[in-house]
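> Give me the fold of what follows.
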Amino acid sequence: MNTIIWKYSPSTVHSFIRTLRTNRRRIVFTNGVFDILHYGHVDYLTKAKKLGDILIVGLNTDSSVKKFKGKNRPIQNEKDRALILAALRPVDYVILFSEETPERLIKMIKPDILVKGADYKISEIVGAEFVKSYGGTVKRIKLVKGRSTTGIIGKLSI
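Residues are numbered from 1 along each chain as shown. Model (predicted):
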């Protein structure tokens, strides 16, 4: 199983990022809720990993998910979601964050490549301008059509 950082601090993040950079690893960062993991998630994370050497996934905590998805979400708790993500081959690190956006975490990590789904415009991607400011790259990955947690929840409600 890969590494899960349950509670991060600037010193924790700086320490492990320094080690990765010493070994000249290209760091890819993405983030999300990853509730009810499905093939679309696996495809997305596999494509993200191919962009670099290390894939770090910022995972919204339960409290942050409730703020923008509503009181009935997430379906799975943060511990389960983190453990499932960490068990996936493409994922090297999972870092839980409780803010509404991963901006603070992105600024600490300074990834070489920031990744989001192609359903986002570059201008909508949190941290994009920051990453571009130091020569990093922002990539959008095409999502698998018809695969979403919301769609799965809708089918269960039928």
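> quick one, what contacts the nearest residue to Asp35 once chain neighbours are set aside?
Distance criterion C-beta to C-beta, 6 or more residues apart in numbering; nearest residue to Asp35, sequence neighbours excluded, is Pro74 at 4.2 Å. C-betas here are computed from N, CA, C, even on glycine. Applying C-beta atoms under 8 Å, 6 or more residues apart in numbering to Pro74 gives the contacts Val33, Asp35, Asn60, Asp62, Val65, Lys66, Arg81.
> Strands along the protein, start to end?
For the chain, the strands defined by DSSP state E cover 3-5, 27-32, 54-60, 93-97, 113-117, 137-141.
> Lowest average pLDDT across these?
Lowest mean pLDDT of the strands of the chain: strand 3-5, a mean of 82.
> any idea of the pLDDT on the residue nearest to Asp35?
pLDDT, Pro74: 91.
> one step back: save the contacts of Pro74 as TSV, and put in neighbour count and distance to Arg140 too.
What follows is the contacts of Pro74, written out as TSV (neighbours: other C-beta atoms under 10 Å; distance: C-beta to C-beta, whole Å):
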residue	neighbour count	distance to Arg140
Val33	21	18
Asp35	23	21
Asn60	27	20
Asp62	17	27
Val65	22	22
Lys66	14	27
Arg81	26	23
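> and the residues you listed, which of them are in helices?
Counting by DSSP state H, the contacts of Pro74 place Asp62, Val65, Lys66, Arg81 in helices.
> what's the distance between the residue nearest to Asp35 and Val126?
Relative to Val126, Pro74 is positioned 19 Å away (C-beta to C-beta, to the nearest Å).
> again with Lys71
Taken as C-beta to C-beta, the span from Lys71 to Val126 is 23 Å.
> Same drill for those two, tell me which one is more crowded.
Val126 (18 against 6; other C-beta atoms under 10 Å).
> check contacts around the more buried one.
Contacts for Val126 (C-beta under 8 Å, 6+ apart) come out as Thr101, Pro102, Glu103, Ile106.
> Drop anything exposed from those residues.
Pro102, Ile106 (16 or more other C-beta atoms under 10 Å).
> Closest one to Ile17 out of the contacts of Val126, please.
Ile106 (11.6 Å; C-beta to C-beta).
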